[in-house]
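>>> starting from these lines, generate the structure:
(one chain, ligands or ions: 2)
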Amino acid sequence: MRLIKSYKTLFLLLGSFVLLTCKKDKPTVKPNIVIFYVDDLGYGDVSCYGAIGVKTPNIDKLAKNGVRFTDAHSSAATCTPSRYTLLTGRYAFRQQAEILPGDAPLLIRPETPTIASMLKSEGYKTAVIGKWHLGLGNGDINWNKALKPGPHEIGFDYSFLLPATGDRVPAVYTENGKVVNLSKNDSLEVSYKTTDTIGARPTGWKHPELLRYAADEQHSGTIINGVSRIGTMKGGYSAEWKDEDFPDILTGKAKNFIQSSKEQPFFLYFSFHDIHVPRLPHPRFEGASSMGPRGDAIAQMDWVTGEIVKELEKLKLADKTLIIFTSDNGPVLNDGYEDFAIEKLGDHKPSGIYRGGKYSAFEGGTRVPTITYWPGKIKTSENNALWSQVDIYASLAKLVGHTPNSNEAEDSNDILNVILGKSNQTSHPMLEESFVLSIRDGKWKYIQPMDKDRVLNDYTNKGIEGGASHDPQLYNLETDPEERINVASSNREQVEKMDQMIQEIIDKE
Ligand code: NG6
Ligand code: CA
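Ligands and ions are numbered 1, 2, ... in the order given. Below is the predicted model:
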């Protein structure tokens, strides 16, 4: 009898031990997830990364109480490819992703898993608010009807979008797959054929005297709000946006979404238009920096970040929310409009010490400010891990206890411990996409040569060095972080090895 009793106690003890250990392994809470995705924000463009000429107290607060990464990258040096990869965990070259015109079809096909569809399958309410630039529809889009497929067909419950970017028509918002405020008798059409100017609206080509900023040839289509855009637009007067309203409208939509999602975990992909061109911050931010509209747009973006974080705090959700703050590519000064970004720069260094910027194969193309923040869960630290946004998908999957299947996010590796600041080690090389492919492995950076028959675009007219060359380039970032000394010819083996690494990634499919 005594023996049976002690067996019973032993079993009970063992049972509770097993239960406790299992419980420990399971994620107890699914945190809310907010990705702040800034447009064209360079490594040196915020105070906590060394900005001069603009102050970013709200972003600095995240960095001061979170992880500030010094070697984190967007997956590509331009917008559409980076966004494609962020959301799918697949490299953009697999989908031939390039900067899209405003009437392009949806690039992420509906059968493709995305961070949004993955989190939705794990019980999350999901939203995208802000710039989209991933296409809509199937190639024959009618802006007066339902805009399908779009974010809803790839996992988002709610969407409020600038369909492409601020410098492209249509200059209207869409909400849940419909143009906002469009009247029945104000049919909207757009065209991206340069030979074809549709509608009677004045264009920058014909009426430069109507412009608030001089624009280059490409940005001289239909004039909306005093600024000419890429492409032409017919009708749609009732739905036209005013660029100066973006911060308040987008922040308002984000607050509404957060308020209405308190009861369940949510995922908010907040995709800024700032600090992309045209830079038309709200008048209350005019003069907020010493750098003209580009600096003022940074101050505005910082304000928006602060407003959304304050809303989380007000609703007592801050310690239940993982925030990832980052950018889609490096910086650019004149990107089509003469808004004095070059003239008013002063000593500010948009890429920090790094060479190149947006479009570039050099580090400035993809090395971007990246901060993670989660009060109570993430400790303040600086982290020099080498990683790219392609790994966010698998890391978030790990966080919420989701096991990706074989055709899901195939280029994404779980680096959750890095994102949470618990480790600074990643175990795989990192691919960077620009007009060529580059790869980073430890201290080495290799830039593939561009085919001899392709014209090199150095973007020096934009104040940027494109970084591509007809020769292979190898840099030792430990001794040469600015990529000034090409050591390819004296390190043939290393070049071979890294070229092979790129080939293996390409062949993986
Ligand atoms: C380019 C535009 C540029 C910008 C970019 C997209 C030139 C000559 N023009 O085609 O102004 O709109 O597309 O930027 O480069 S991105 O951040 O959305 O990729
Ligand atoms: Ca961009």
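>>> for the closest residue to residue 164 other than its chain neighbours, what is the enclosing helix or strand?
Closest residue to residue 164 in three dimensions, ignoring its sequence neighbours and counting by CB to CB, 6 or more residues apart in numbering: residue 102, at 3.7 Å. To be clear about C-beta, it is placed using only N, CA and C from the backbone, and glycine gets the same treatment. With elements taken from DSSP states H and E, nothing contains residue 102; it lies in neither a helix nor a strand.
>>> residue 102 against residue 232, yeah?
No: using CB atoms under 8 Å, residue 102 makes no contact with residue 232, being 10.4 Å away.
>>> neighbour-wise, which of those two wins?
Neighbours were tallied for residue 102 and for residue 232 using other CB atoms under 10 Å; the higher tally belongs to residue 102 (26 against 22).
>>> please name the residues that touch the more buried one.
Neighbour list for residue 102: 163, 164, 165, 168, 169, 170, 190, 192, 230, 231 [criterion: CB atoms under 8 Å, 6 or more residues apart in numbering].
>>> could you check the pLDDT of it?
At residue 102 the predicted local distance difference test score is 95.
>>> quick check: the residue of the stretch 151-300 of the chain nearest ligand 2.
With distances taken as CB to the ion, the stretch 151-300 of the chain approaches ligand 2 most closely at residue 276, which sits 5.8 Å away.
>>> and the pLDDT for that residue?
Looking at residue 276, its pLDDT stands at 98.
>>> spatially nearest residue to it, not counting backbone neighbours?
Using CB to CB, 6+ apart, the nearest residue to residue 276 is residue 39, at 4.1 Å.
>>> right, and the one you found touches residue 326 too?
No: the pair residue 39 / residue 326 is not scored as a contact, 11.0 Å apart, by CB under 8 Å.
>>> higher neighbour count, those two?
Counting neighbours by other CB under 10 Å for residue 39 and for residue 326 shows that residue 39 has the greater number, 25 against 22.
>>> tell me which of the contacts of residue 102 fall in strands.
Among the contacts of residue 102, the members found in strands (DSSP state E) are residue 190.
>>> for whichever strand or helix holds residue 496, which helices and strands make contact with it?
Residue 496 belongs to helix 492-507 when elements are defined using DSSP H and E. Counting contacts by 3 or more CB pairs under 8 Å, 6 or more residues apart in numbering; DSSP states H and E, helix 492-507 is packed against strand 437-441, strand 444-447, strand 473-476.
>>> now do the same end-to-end measure for stretch 236-256.
26 Å (CA to CA, to the nearest Å).
>>> buried residues, it. List them.
The neighbour-count criterion (16 or more other CB atoms under 10 Å) identifies 236, 239-241, 243-244, 246-247, 249-251, 253-255 as the buried residues of stretch 236-256.
>>> ok, the residue lying closest to residue 177 once chain neighbours are set aside - contacts?
Leaving aside its chain neighbours, residue 177 sits nearest to residue 147 (4.8 Å; criterion: CB to CB, 6+ apart). Shown in contact with residue 147 (CB under 8 Å, 6+ apart): 136, 137, 141, 163, 174, 177, 178, 179.
>>> now with 6 Å, please.
136, 137, 174, 177 (CB atoms under 6 Å, 6 or more residues apart in numbering).
>>> can I get those residues in TSV including distance to ligand 1 and secondary structure?
Output for those, formatted as TSV (distance: CB to the nearest ligand atom, whole Å; DSSP: H, G, I helix; E, B strand; the rest coil):
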residue	distance to ligand 1	secondary structure
136	15	coil
137	19	coil
174	17	strand
177	22	coil
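>>> determine which two of these are furthest apart.
Largest separation among the contacts of residue 147 by CB to CB: 137 and 174, giving 11.1 Å.
>>> where do the helices sit along this structure?
Along the chain, counting by DSSP state H, helices occupy 2-25, 57-64, 79-88, 115-121, 246-259, 293-314, 392-400, 416-419, 492-507.
>>> deepest-packed of the ones you listed, please.
Neighbour counts (mean count of other CB atoms under 10 Å) averaged over each of these peak at helix 79-88, with a mean of 28.
>>> and the pLDDT at residue 456?
At residue 456, the pLDDT value in this model is 80.
>>> and what of the one 10 residues further on?
Taken from the predicted model, the pLDDT recorded for residue 466 is 91.
>>> these two touch, right, residue 76 and residue 82?
Yes: with contacts defined as CB atoms under 6 Å, residue 76 counts as touching residue 82 at a distance of 4.4 Å.
>>> check the spacing between the residue of the stretch 1-150 of the chain found nearest ligand 2 and residue 328 real quick.
Minimum separation of the stretch 1-150 of the chain from ligand 2 (CB to the ion) falls at residue 79, amounting to 3.5 Å. Using CB to CB, to the nearest Å, one obtains 5 Å as the distance from residue 79 to residue 328.
>>> then residue 135?
As for residue 135, its distance to residue 328 is 16 Å (criterion: CB to CB).
>>> give me the more crowded residue out of the two.
In this comparison of residue 135 against residue 328, neighbours counted by other CB under 10 Å, the higher total goes to residue 328 at 30 against 24.
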